[in-house]
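K.L.:
Mind looking at a prediction? Sequence and model below.
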Amino acid sequence: MRLDELTRGDFPILERVVNGHPLIYLDSGASSQKPRAVLEAMNRYYERSHANVHRSIHTLGEEATELYEVARDAVQRFIGAPSREEVVFTRGTTDGLGLIAETIGRTLGKGDEIVVTELEHHSNLIPWQLVAKDRGAVLKAVPVRDDGTLDLAALDRLLTTRTRVVAFAHVSNVLGTITPAKEIIGKARAVNALTVVDGAQAAPHMRLDMSALGCDFYVLSAHKMLGPTGIGVMYGRRAVLNRLEPGRGGSEMIKEVWIDHAQWNDLPWRFEPGTPPIAEAVGLTAAIEYLEKLGMDRVAEHERALTRQTMEGLSRIPGVTVYGPKVGVDRGAVVSFAVEGLHPHDVAALLDAEGIAVRAGHHCAMPLMRRLGVVGTTRATFSVFNSPDEVSRLLTTVAGLRSAL
Amino acid sequence: MSGATPAANSLYSDVIRDRWRHPRHRGDLPGANAVAEDVNPLCGDRVRMMLAIAPEGRISEARFVGDSCAICTASADVVADLVSGRTRTEAAALEVSDVLAVLQAEIRPTRMRCATLPLSVLAQALDGKAKS
């Protein structure tokens, strides 16, 4: 049985009819839909166990704390983190990257160097721009080659003894490029730079293993991997977390407080001030269990087939350009394309009229748009519930678009 | 209009489709003395408005260039139409509803910025705070 046949009925939202057509949701790269198991787990939590975590000495408080910490165990397992203390909950990938940049930023001095890449989402660019401005650090970017891959020879030239941070996406949210993370991390390590990996587009689609990857930080969002909005994960290597000051202060992150100083709590709570997203953590656990049951290798295989079908089909349509690595090169569940003579927004609006949800615009990656020489692209992204039939519908509709406006 | 699917007809008015395919005021205006350019942060659309304003304050010609969608392009074309021959003051008083009336389209909230960007660029050009 194909994965979409297996999972389709688990997603209530897919029963919707949009503009007179059954919904075809090809925007999971922006935010995925949620299986019933996630919705029910969150509801059950609110209906039975909700209280604040960690400090409530009563039954509900204990249950909520237990559920919240179980989520940490689930994440540790899912991303292959060596220990649960290295799993910090955030509000999402952008929040995680901001937290890391602020925290590392305080240790940077004038002339220190930060290396990013030309294909970054703004969330992994702007925080470093702010830090560079604040600390007098220098921001450099690894260029993207014409085939959509990173120019690693250029990375070798950019890395110096002053390089303190190398921050990059594991999978490009525009091109689908899977970056050679392990190789980049190895090169960064060689100059003693910290590595920060934006895993927002990778976590929903491939098996992760922090121990094997060897990065210092890895961030992801629950809502792109069948989980709820409002919660994300920052994995941080224990040795690094231990020597960094917390980014933000308040409640759970302290042990003892005086008027003029405080003693920080242990990991991971040191980096989790304020009441955390508890129901969202419960939802994330359910999402992880759902994906684990399907098996991440099977998820990757399913989405690879859909991606390939889309790329091959789009390439055959006259006037359609497909961006990023060519067919045959492994890539994430992302396909960006252009239809000659039509603006990406109009392409998306015309597809929406047929019930097909795609994303259009700069995808929060303006430097990459500039590199591609376009204002934006139209982007289809896939999840476990998408079917080959849906891809066929997309292809037929796109083929008819050039005469539509 | 021939070639248009029913879906396109319900989304885009005849005016929008016509002005997208055949804009009347698209292109450079070498003699322009009031120029502004801006982008729509949502999608990266870019519109540049160029006005030739006579000494007594009347706009003799308006043109635009841009990387923009059908709605934004049609809106820019309509704005250029509406301000031509008007005084600075009259042009500054132009409102979104004036443009929408010409476009004859029900623009959805998600696309409203596409329709309003040319107007805000016009305002910048008239203000003289031009980013040229």
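P.N.:
Perfect, thanks for sending it. Residues are numbered from 1 along each chain as shown, chains lettered A, B, ... in the order given.

K.L.:
Quick check: residue A:233 vs chain B, distance?
P.N.:
In this view, residue A:233 and chain B are 28 Å apart by C-beta to the nearest C-beta, to the nearest Å. Heads up, the C-betas are built off the backbone N, CA and C, glycines and all.

K.L.:
That residue: helix or strand, and which one exactly?
P.N.:
strand A:232-236 (DSSP states H and E).

K.L.:
helices and strands around that strand, which ones?
P.N.:
With contacts taken as 3 or more C-beta pairs under 8 Å, 6 or more residues apart in numbering or on different chains; DSSP states H and E, strand A:232-236 sits against helix A:59-79, strand A:87-90, helix A:93-105, strand A:217-221.

K.L.:
Measure how far stretch A:345-365 is from the centre of its chain, please.
P.N.:
Using C-alpha atoms, centre = their mean, to the nearest Å, the mean C-alpha position of stretch A:345-365 is found 20 Å from that of the whole chain.

K.L.:
what about that stretch, start to end distance?
P.N.:
Length of stretch A:345-365, first residue to last, C-alpha to C-alpha, to the nearest Å: 16 Å.

K.L.:
thinking again about what came up before, could you give the angle of the strand holding residue A:233 to strand A:217-221?
P.N.:
Relative orientation of strand A:232-236 and strand A:217-221, computed by axes from the mean of the first three to the mean of the last three C-alpha atoms, to 10 degrees: 170 degrees.

K.L.:
could you give the mean pLDDT of strand A:232-236?
P.N.:
For strand A:232-236, mean pLDDT rounds to 98.

K.L.:
Equivalent analysis for stretch A:84-99, please.
P.N.:
Mean predicted confidence for stretch A:84-99 is 97.

K.L.:
And it, what's buried?
P.N.:
A:85-99 (16 or more other C-beta atoms under 10 Å in any protein chain shown).

K.L.:
Return the list of helices and strands in contact with the helix or strand of chain A with the lowest mean pLDDT.
P.N.:
Among the helices and strands of chain A, strand A:254-257 carries the lowest confidence by mean pLDDT, DSSP states H and E, at a mean of 88. Applying 3+ C-beta pairs under 8 Å, 6+ apart, we find strand A:254-257 packed against strand A:262-264.

K.L.:
for the residue of chain A positioned farthest from its centre, helix, strand, or coil?
P.N.:
For chain A, the largest distance from the centre (C-alpha atoms, centre = their mean) belongs to residue A:259, which lies 38.8 Å off. Here residue A:259 is recorded as coil under DSSP: H, G, I helix; E, B strand; the rest coil.

K.L.:
residues in contact with residue 88?
P.N.:
Because you didn't say which chain, this covers chain A. Residue A:88 makes contact with A:96, A:233, A:234, A:235, A:236, A:241, A:267, A:268, A:271, A:272 under the criterion C-beta atoms under 8 Å, 6 or more residues apart in numbering or on different chains.

K.L.:
other chain: chain B
P.N.:
B:53, B:57, B:58, B:59, B:126.

K.L.:
How about residue A:90?
P.N.:
Counted by C-beta under 8 Å, 6+ apart, residue A:90 has contacts A:96, A:99, A:219, A:231, A:232, A:233, A:234.

K.L.:
at 7 Å what do you get?
P.N.:
Contact analysis of residue A:90 by C-beta atoms under 7 Å, 6 or more residues apart in numbering or on different chains lists A:96, A:99, A:232, A:233, A:234.

K.L.:
in the sheet, who's paired with the last one?
P.N.:
Using DSSP bridges, the beta-bridge partners of residue A:234 come out as residue A:88, residue A:219.

K.L.:
which of the contacts of residue A:88 lies closest to chain B?
P.N.:
residue A:96 (22.9 Å; C-beta to the nearest C-beta).

K.L.:
Could you verify my assumption that the closest one touches residue A:236?
P.N.:
No. Using C-beta atoms under 7 Å as the test, residue A:96 is too far from residue A:236 to be in contact (9.4 Å).

K.L.:
which of the contacts of residue B:88 count as buried?
P.N.:
B:53, B:59, B:126.
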